[in-house]
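Participant: Quick check, what structure comes out for this input:
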Amino acid sequence: MSGEGMSGPAGKSSWRIAVLGGGAWGTALALAMLRAGHNVALWARDEAMVAAIQRGENPRYLPGIAIDLGIEATHDLQAALAGADCVLAVTPAQSLRAVLSEARGHVPKGAPLVLCAKGIERETGALLSTIVEEMLPANPVAVLSGPSFATDVARGLPTAVVVAGEETLAADLAARFSALNLRCYSSDDVVGVEIGGALKNVFAIAAGAVTGAGLGASAQAAMVTRGFVELRRIGAAFGARPETLMGLSGLGDLLLTCSSTQSRNFAYGLALGQGKPLAGLPLAEGVPTAAIAARLARERGIDAPIITATAAILDGALTIGQAVTALMTRPLKTETDS
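Facilitator: Residues are numbered from 1 along each chain as shown. Coordinates of the predicted model:
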C-alpha cells in the first residue's frame with residue numbers, strides 16, 4: 001500500500017484512497033480526501049465523465065466548480081483499487097451489490113471499505129453494511145454520513161459529518177479524513193448512522209411534497225417532527241442508539257435534507273407535490289427506500305404512518321390530499337406515545 005513516509009492528517013502517513021463513484025458526492029469526497037493530504041483515485045463507469053474530471057471539471061454533477069487535477073480519474077476499476085489503503089463506496093445504494101461484485105477481486109485485503117451512500121437494499125431489506133460484510137468479509141466496514149451537500153464539500157465550505165465503525169477504526173478514519181472545513185466525528189453505532197441516513201431521504205420527499213402542494217410551513221414542521229419520531233422508532237427496532245439518531249447522521253441530516261432544494265429527495269418531493277413530471281429528475285434514493293422502509297415497519301409492527309403514506313403516494317396508491325386526510329384523522333393520542 002502507498003503513502004509510507006508522506007505527511008498526512010494529524011501526523012499520520014498519507015493513504016491511497018480509492019473513491020468508487022464519479023457523481024456529485026463521489027467527486028466532492030475525492031476533493032475532500034485530497035485536501036486531507038491523501039493520494040486519491042476516482043473510478044467512474046462513464047468515460048466522458050472521467051475525461052471531464054481529468055480536465056478539472058464535472059459539469060454534469062458539479063457545474064462551475066473546479067476539480068483539482070491531482071485526482072486520478074479512471075474508468076478502470078482494477079487500476080483505481082490497486083494499492084488502496086481505503087475504499088470509499090459512493091455508488092447509489094441500489095447498485096452497491098453489483099459494484100462490489102465487480103470490485104471484490106481487486107480490493108486489497110484489510111483495506112477499510114467506507115460506505116458513503118444512504119439507503120436500504122430494495123430487494124432484500126438489507127442495510128448496506130450487511131452487504132459489505134457478506135461480500136467482502138476480509139475488509140472492515142465503516143459508514144460516513146451526516147448533513148452535507150456535495151456542492152458545499154466540493155467548495156470547501158465548513159461541514160461536519162460522522163464516521164461510524166469499530167471504535168478504533170472509526171476514530172482513525174475520522175482523524176485521517178478531517179481537514180480544514182471538514183470535521184469528522186467518530187461513532188461505533190454503525191446501524192444508527194445507517195438508519196438515520198437512509199430514512200431521512202424518505203422524509204425529505206414527504207417534506208418536499210408538502211411544500212410543493214402548498215400545505216404551509218406549519219404542516220411541513222409537523223411532518224418533519226413526527227417523521228423524526230418514526231425514524232427513532234425504526235432505529236430502536238434495529239438496535240440504534242437514541243443519541244446517534246439525535247446527532248449529525250439523524251436529526252442533523254434530516255433538518256438539512258428537509259429544507260433545501262439542493263437535496264435531490266426534497267426536490268423530487270417538491271415536483272411531486274406540484275404535479276410536475278418526475279421522469280428525468282436526478283436519482284432520489286428515498287424513492288426505493290420508502291417502499292422497503294414501509295414494508296419493514298409493517299413486518300416489525302412499527303407505527304410509521306408518514307413512511308407508509310409516502311410509499312403509497314410514490315406507488316400511485318394515494319394522492320397527497322388523501323394521504324393528508326388519512327394522517328390528520330388518525331386516532332388522537334399523547335405526543336409521547338411510542
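
Participant: mind listing the strands in the stretch 51-200 of the chain by residue range?
Facilitator: 72-74, 86-89, 113-115, 141-145, 159-164, 182-187 (DSSP state E, counting those that start in this stretch).

Participant: List the residues that contact the residue nearest to Gly286 when sequence neighbours are not counted.
Facilitator: Using C-beta to C-beta, 6 or more residues apart in numbering and skipping the chain neighbours, the partner closest in space to Gly286 is Asn201 (3.2 Å). All C-beta spots, glycine's among them, are computed from the backbone N, C-alpha and C. Taking C-beta atoms under 8 Å, 6 or more residues apart in numbering as the criterion, Asn201 is in contact with Lys118, Gly119, Thr257, Asn265, Ala284, Glu285, Gly286, Thr289.

Participant: Domains in this protein, by residue range?
Facilitator: Domains of the chain are assigned by automatic domain parsing as 9-188, 195-328.

Participant: In JSON lines: those domains, plus mean pLDDT and distance to Thr334.
Facilitator: Formatted as JSON lines, the domains of the chain follow (pLDDT from 0 to 100; distance: least, C-beta to C-beta, whole Å):
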{"stretch": "domain 9-188", "mean pLDDT": "96", "distance to Thr334": "30"}
{"stretch": "domain 195-328", "mean pLDDT": "96", "distance to Thr334": "12"}
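
Participant: Mind putting those domains into TSV with distance to Thr336?
Facilitator: As requested, these are arranged in TSV below (distance: least, C-beta to C-beta, whole Å):
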stretch	distance to Thr336
domain 9-188	26
domain 195-328	9
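
Participant: Next, the buried residues of stretch 131-146.
Facilitator: Within stretch 131-146, the residues that count as buried by 16 or more other C-beta atoms under 10 Å are Ile131, Val132, Met135, Leu136, Asn139, Pro140, Val141, Ala142, Val143, Leu144, Ser145, Gly146.

Participant: how near is Ala142 to Leu128?
Facilitator: Distance of Ala142 to Leu128, given as C-beta to C-beta, to the nearest Å: 11 Å.

Participant: who touches Gly197 in this structure?
Facilitator: For Gly197, the contact set (C-beta under 8 Å, 6+ apart) comprises Lys118, Val143, Ser145, Ser249, Asp253.

Participant: which ones are touching the fourth one?
Facilitator: With contacts defined as C-beta under 8 Å, 6+ apart, the neighbours of Ser249 are Ser145, Gly146, Val161, Val162, Ala164, Ser187, Gly192, Val193, Gly196, Gly197.

Participant: Looking at the residues you listed, point me to the pair that's furthest apart.
Facilitator: Spatial extent of these (C-beta to C-beta) is set by the pair Val161 and Gly192 at 14.2 Å.

Participant: How about the spatially most central residue of the chain: what's its closest non-neighbour residue?
Facilitator: Centroid check for the chain by C-alpha atoms, centre = their mean gives Lys118 as the closest residue, at 3.1 Å. Among residues not flanking Lys118 along the chain, Gly197 sits closest, at 3.7 Å (C-beta to C-beta, 6+ apart).

Participant: Nearest to Gly26, out of the strands of the stretch 51-200 of the chain?
Facilitator: strand 86-89 (7.6 Å).
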